[in-house]
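[1] model the structure of this input:
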Amino acid sequence: MKRILLIPCLWLLAFTVMACLHNHAEQLKGKRVALFASSGSSGINTSVNDARKLCPEATFTESLLLTSSTLGQLSSRITNWLKKIEVMP
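    This next block holds a predicted model:
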């Protein structure tokens with residue numbers, strides 16, 4: 001299993017997450033980072049782009065957005081995502 005930093009990008013925590021990324025950009029150099037979020041309707045692309053700007057020397061893997069329309073597949077989507085980013089065998 002490969003090591004990866006999973007970061008939640010929940011709407012209410014967005015500012016805290018971005019502040020954390022800003023404050024720890026040096027420690028994240030060369031690290032793999034995966035962002036995930038839940039949302040009723042909005043996307044995750046803005047958060048991913050902002051995170052990349054804050055930590056340009058980190059490697060951002062595929063992010064995961066869980067929306068209300070995908071609740072039925074929640075478990076399988078998370079499992080498949082974790083396998084895809086090589087966190088789970």
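
[2] pull up the distance across stretch 34-51, start to finish.
    10 Å (CA to CA, to the nearest Å).

[3] helices of this protein, residue ranges please.
    All helices of the chain, identified by DSSP state H, fall at 14-23, 45-54, 74-84.

[4] out of these, which one sits most buried?
    Most buried of the helices of the chain, by mean neighbour count (mean count of other CB atoms under 10 Å): helix 45-54, with a mean of 16. For glycine as for every other residue, the C-beta is placed from the backbone atoms N, C-alpha and C.

[5] and that helix, what does it pack onto?
    helix 14-23, strand 32-39, strand 59-60 (3 or more CB pairs under 8 Å, 6 or more residues apart in numbering; DSSP states H and E).

[6] need the ones you listed in JSON lines with distance to residue 67, can you?
    As requested, these are exported to JSON lines (distance: least, CB to CB, whole Å):
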{"stretch": "helix 14-23", "distance to residue 67": "16"}
{"stretch": "strand 32-39", "distance to residue 67": "6"}
{"stretch": "strand 59-60", "distance to residue 67": "20"}
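
[7] low-confidence ranges, this protein, go.
    The chain contains residues with pLDDT under 70 at 1-14, 40-42.
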